[in-house]
Every structure is written in structure tokens, then in C-alpha cells.
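1. Here is a sequence together with a model predicted from it:
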Amino acid sequence: AQSVTQLDSQVPVFEEAPVELRCNYSSSVSVYLFWYVQYPNQGLQLLLKYLSGSTLVKGINGFEAEFNKSQTSFHLRKPSVHISDTAEYFCAVIFNFGNEKLTFGTGTRLTIIP
Amino acid sequence: ETGVTQTPRHLVMGMTNKKSLKCEQHLGHNAMYWYKQSAKKPLELMFVYNFKEQTENNSVPSRFSPECPNSSHLFLHLHTLQPEDSALYLCASSQVGGSMNTEAFFGQGTRLTVV
């Protein structure tokens, strides 16, 4: 079955420290990959996406992610976090092109410690 | 207005009430979606509409009834809901088909409380 796994439900990080949020998916075929962020009482906002090309993708707010096909991973990273990065982060995958249905992970709550 | 707009932002309803959630997208997309977001659970895709036709219904109870009168508007009609239906309901739109597919754009959601 096709699935998206975010193993860390909560990640506390000190302000200005680096962070990595993990995302793995199960599929043997090509996929599209996304990271969304959800601030309190808000909808989801796209951080970045990988469709093809360079495996290192840069997004908004200083975030980047690297697609690793052999490990079926798409981890999100930021070298120095800010208080305003406190939010829930969702990894999402399109497994079937032409369908464009997003399958979401369970989310990771990032808490920045002052 | 731009993007995806959902109204109302908050809704409290009794189990015998009938209410509707509204979603409007100003992006020219051809697909629209309803998602349910409950605490401690992954986002659940409820319904998908492509070109105004429903293409997916993920075993959603009949007390939820979607309507897509055109490619810019999507409704979710609610009746005789249960307390466990309390959640954040998110609408999204995207452009499907063709050589350049886009990501889904989300509205801010309707926080529904069933009492």
C-alpha cells in the first residue's frame, strides 16, 4: 500500500538551532513530493515541492528539502529556526499522476524554544 | 479576492440542524477537494471534484453531502451530524491534467463544533 510516514509527531528545537523533519514514503514508482505548513487556526500553506530535476529543493522561509529516491525520503531542513517557525508540518505525496490526489503524513509539530 | 476562501470560519451546530459550508476558489483551477482534519489524525480526503464531476467519495457518511455547481464553488451540506464530526474542514483546489500540474491550494478552513 502507498503511504506517507512522519515518524516524529513532535520536535522541540532551540531558537537558532538547525532542524530536520523526516518524511518517508512507500512507492516503487515516480512520485511528486510536497511539504506544507499549518500555523494555528489556519489552513495549509505550501513550503516547497519536488516534481523533477534537482533533488535539493528550496522553499519559502528558508526551508529546503532533499529527495532521496533510494531511501524513499524527502526530509525537510532549516539551518537556523525562528520562533515564528512554530507550526505543524505535513509531508504529502502524489502517487498517481493524472489523479493528483495528495496523501498526507500525520504531521510533525515543531516547537521552537526561546 | 485571491486564493481559496471558506465560509464560515467557525460553526457551532446542534445534531438536528442543517447547515452548509462554502468554498470558493479564484485560481481558475479545475479540481476541488474537501478534507477533514481531526485532532491527532492525518488529514482525511472526503470528496474530489474534477471539472464539476465527483470523482472520489472516500466512504463518507451520507450526513455529509457535497455539491459542486461550477468549477469555482464547492459546498458541503451537513445534516444530523454527530459530536465526533467536530473537526476542521478544509477545502482545496488544484489544476489537474496537462503537462504542468500544480500543488493544492488550501482555504483557511471551517472549525465545526457539533453539540
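-> Great, that's in hand.

2. For chain A, give me its nearest residue in chain B.
-> Closest to chain A within chain B is B:F106: 3.9 Å, counting by Cβ to the nearest Cβ. For every residue, glycine as well, the C-beta is placed using N, CA and C.

3. Help me confirm that that residue comes into contact with B:V4.
-> Yes: using Cβ atoms under 8 Å, B:F106 is in contact with B:V4, at 6.1 Å.

4. coming back round to it: please name the residues that touch the residue of chain B closest to chain A.
-> The contact partners of B:F106, by Cβ atoms under 8 Å, 6 or more residues apart in numbering or on different chains, come to A:Y36, A:G43, A:L44, A:Q45, B:V4, B:L90, B:C91, B:A92.

5. which residues are common contacts for B:F106 and B:V4?
-> Joint contacts of B:F106 and B:V4 (Cβ under 8 Å, 6+ apart) are A:G43, B:C91, B:A92.

6. Measure how buried residue 37 is and give me the count.
-> Just going to use chain A. Neighbour count for A:V37, taken as other Cβ atoms under 10 Å in any protein chain shown: 21.

7. my bad, chain B
-> Count around B:Q37 with other Cβ under 10 Å applied: 21.

8. Could you give the bridge partners of it?
-> Under DSSP bridges, the beta-bridge partners of B:Q37 are B:L88.

9. From what I see, it and B:C91 are in contact.
-> No: applying Cβ under 8 Å as the test, B:Q37 and B:C91 come out as separate, 11.5 Å apart.

10. Alright, calling it a day.
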